[in-house]
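Asker: Next comes the sequence, and after it the predicted model I'd like to discuss.
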Number of protein chains: 2
Amino acid sequence: MTQDPRPSKREETRRENERLILSAAEKVFAEAGFGGATMQLIADVAGLPKANLHYYFTTKEELYRRVVQDIFEIWLHAADSFDNAPDPATGIGAYIDAKMNISRHHPHGSKVWASEVMHGAPVIQDYLEGTLRDWTNGRIAAIQGWIDAGQMAPIDPRHLLYMLWATTQHYADFGHQVETLNNGAPLSDADWKLASDNIKTIILRGIGAA
Amino acid sequence: MTQDPRPSKREETRRENERLILSAAEKVFAEAGFGGATMQLIADVAGLPKANLHYYFTTKEELYRRVVQDIFEIWLHAADSFDNAPDPATGIGAYIDAKMNISRHHPHGSKVWASEVMHGAPVIQDYLEGTLRDWTNGRIAAIQGWIDAGQMAPIDPRHLLYMLWATTQHYADFGHQVETLNNGAPLSDADWKLASDNIKTIILRGIGAA
DNA sequence: ACACAAGCTGACCAAGCGGTCAAGAAAATT
DNA sequence: AATTTTCTTGACCGCTTGGTCAGCTTGTGT
């Protein structure tokens, strides 16, 4: 027992409070947008006094930035499924599954990202021009490799990527519309599987990799 | 000259001012969201005093509702290309072209619609449950007809529709991201054609209608 | 030419906003 | 047990917001 267990009470409640605030902020920012969200509402959802929020996150923008960053991180990790795949059907299929899972289990985050980009990315423009651009160019090269190897049809890799993003994120960003057209009911397990399978079928066949 | 030419000065300026305000509002709502938009900014963009906006549109919400309604109208008309098509390649191909044209020439409107739906459609829920649901069911029946006639593969019509909406609207809603990944430059005529062709190729081949 | 209606707008207001702060409570360190 | 550091919070502040309104200008019908 010479090891230090270390989670001091201070650190623990700090972590817990940050988690509470970030979770509440993600929800409120997703539902109201940056401009429509209020620190008071986030505080209420988190169950903390407003002044306490400003202790952990000095400004509204700083809190918002953290929320967007966290989402971006998750979003990038979905690409792991993409890498080291032997062929497009495996790689792209796994990527679609991963992104659909994010849409299902992280819809708030997806909406915040969408909102941010739609409004001209005032807060995360540097990410778009840095990490995202690099990531994109990497995947474009990978797809081009598959095309050159004759494993799929010669479509434009960039627009294929946009198609993958658009189709999968639609189920998060436009989830409310999807649910309404599903007679107001959330998608069932079977619905989600049907959606994923349809997307994979159409795209993989469409790029000649099925 | 017994005919009444009728555009009295009053009506003319009224029409012109409403047009100015709606155009400015569309832009500002798209760039800042409902919560982030201010009547003062809309007034500045329109080149009118703020009090004048409240003369034509009593509340911010009323103005916003008009903007969303106008967009929905345009959006629905794009479906005309869908109808009376002899086969899926023609009908869906024309629909993709029409929606891509809207994304290119009406990006603000598309963003306002996306924002509204993402935030739970607080203002236009009745449209989703009424007009949109009817429209959707109609197209689903049309697609199912093509499937039954053996003109395309048996995919789920509903999710195919979502795919069409998602892929085409992506170029409006995420236009900023697309431009950034295009090295900060707007898409050229050739880029837009490439995008449309890619979408049509992949989807039409993907549903076995190519 | 007149009178009435429609259109316009600067000045104003209550409400709600993001953010601050001083003073106290709780935990860690000595 | 004393002291220092971190955390917590109600009360508060300056500022912006959506919206109002009285008084003015402009257009229309007679």
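Answerer: Great, that's in hand. This one's a predicted model, so the numbers in the text were calculated from it and none came from an experiment.
Asker: Tell me the buried residues in the lengthiest helix in chain A?
Answerer: When chain A is parsed with DSSP state H, its longest helix is helix A:9-36. By neighbour count with 16 or more other C-beta atoms under 10 Å in any protein chain shown, helix A:9-36 contains the buried residues A:17, A:20-22, A:24-36. For glycine as for every other residue, the C-beta is placed from the backbone atoms N, C-alpha and C.
Asker: which of these come close to DNA strand D?
Answerer: Taking C-beta under 7 Å from any atom of the strand as the test, DNA strand D is in contact with residue A:17 out of the buried residues of helix A:9-36.
Asker: Show me what the helix or strand hosting residue A:55 packs onto, helices and strands only.
Answerer: Counting by DSSP states H and E, the element that carries residue A:55 is helix A:50-56. Applying 3 or more C-beta pairs under 8 Å, 6 or more residues apart in numbering or on different chains; DSSP states H and E, one finds that helix A:50-56 contacts helix A:9-36, helix A:39-46.
Asker: hmm, 10 Å instead?
Answerer: Helices and strands touching helix A:50-56, by 3 or more C-beta pairs under 10 Å, 6 or more residues apart in numbering or on different chains; DSSP states H and E, are helix A:9-36, helix A:39-46, helix A:60-77.
Asker: Which one of those helices lies nearest to residue A:169?
Answerer: helix A:60-77 (9.3 Å; C-beta to C-beta).
Asker: wait, what's in contact with residue A:69?
Answerer: By C-beta atoms under 10 Å, 6 or more residues apart in numbering or on different chains, the residues touching residue A:69 are A:123-124, A:127.
Asker: any weak-confidence spans in chain A?
Answerer: A:1-7 (pLDDT under 70).
Asker: re the thing from before, got the CA coordinates for the helix holding residue A:55 in PDB?
Answerer: The C-alpha trace of helix A:50-56 is given here as PDB (Å, rounded to 0.1, in the frame of the first residue of the first chain):
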ATOM      1  CA  LYS A  50     -24.400  30.100 -12.200                       C
ATOM      2  CA  ALA A  51     -21.400  31.700 -10.500                       C
ATOM      3  CA  ASN A  52     -20.000  28.300 -10.000                       C
ATOM      4  CA  LEU A  53     -19.900  27.800 -13.800                       C
ATOM      5  CA  HIS A  54     -17.800  30.900 -14.100                       C
ATOM      6  CA  TYR A  55     -15.400  29.500 -11.600                       C
ATOM      7  CA  TYR A  56     -14.700  26.500 -13.800                       C
END
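Asker: That one close to DNA strand C?
Answerer: Yes - residues of helix A:50-56 contacting DNA strand C under C-beta under 7 Å from any atom of the strand: A:50-51, A:54.
Asker: Roughly how far does residue A:137 sit from residue A:56?
Answerer: 36 Å (C-beta to C-beta, to the nearest Å).
Asker: neighbour-wise, which of the two wins?
Answerer: Neighbours per residue (other C-beta atoms under 10 Å in any protein chain shown) separate residue A:137 from residue A:56, with residue A:56 holding more: 17 against 13.
Asker: I'd like the distance between that one and residue A:203.
Answerer: 42 Å.
Asker: For chain A, which residues are neighbours of DNA strand D?
Answerer: A:10, A:13-14, A:17, A:48-52, A:54-56.
Asker: Contacts for the helix holding residue A:55 next, please.
Answerer: A:14, A:17-18, A:20-22, A:24-25, A:38-44, A:46, A:48-49, A:60, A:62-63, A:66.
Asker: Tell me how far that helix lies from the chain's centre.
Answerer: Distance of helix A:50-56 from its chain centroid, counting by C-alpha atoms, centre = their mean, to the nearest Å, is 26 Å.
Asker: in it, what's buried?
Answerer: Buried-residue list, helix A:50-56, by 16+ other C-beta under 10 Å: A:53, A:56.
Asker: Pull the most distant pair out of the residues of chain A next to DNA strand D.
Answerer: A:10 and A:50 (21.8 Å).
Asker: Now do the same contact list for residue A:163.
Answerer: A:155-156, A:199, A:202-203, A:206-207, B:163, B:166-167, B:170, B:195, B:198-199, B:202-203.
Asker: repeat that with 8 Å
Answerer: A:203, B:167, B:170, B:198-199, B:202 (C-beta atoms under 8 Å, 6 or more residues apart in numbering or on different chains).
Asker: which among the residues you listed gets closest to residue A:181?
Answerer: Nearest member of the contacts of residue A:163 to residue A:181, counting by C-beta to C-beta, is residue B:167, at 17.5 Å.
Asker: roughly how far apart are the residue nearest to residue A:186 when sequence neighbours are not counted and DNA strand D?
Answerer: In this structure, residue A:186 finds its nearest non-sequential neighbour in residue A:179, 5.8 Å apart by C-beta to C-beta, 6 or more residues apart in numbering or on different chains. As judged by C-beta to the nearest atom of the strand, to the nearest Å, residue A:179 and DNA strand D stand 29 Å apart.
Asker: cool, residue A:186 as well?
Answerer: 33 Å.
Asker: Tell me, how many residues neighbour that residue?
Answerer: By other C-beta under 10 Å, neighbour count at residue A:186 equals 11.
Asker: quick one, phi/psi of it?
Answerer: phi -60, psi 150 (degrees, to the nearest 10).
Asker: That one and residue A:176, how far apart?
Answerer: 10 Å.
Asker: One more: residue A:81?
Answerer: From residue A:81 over to residue A:176 (counting by C-beta to C-beta), the distance is 27 Å.
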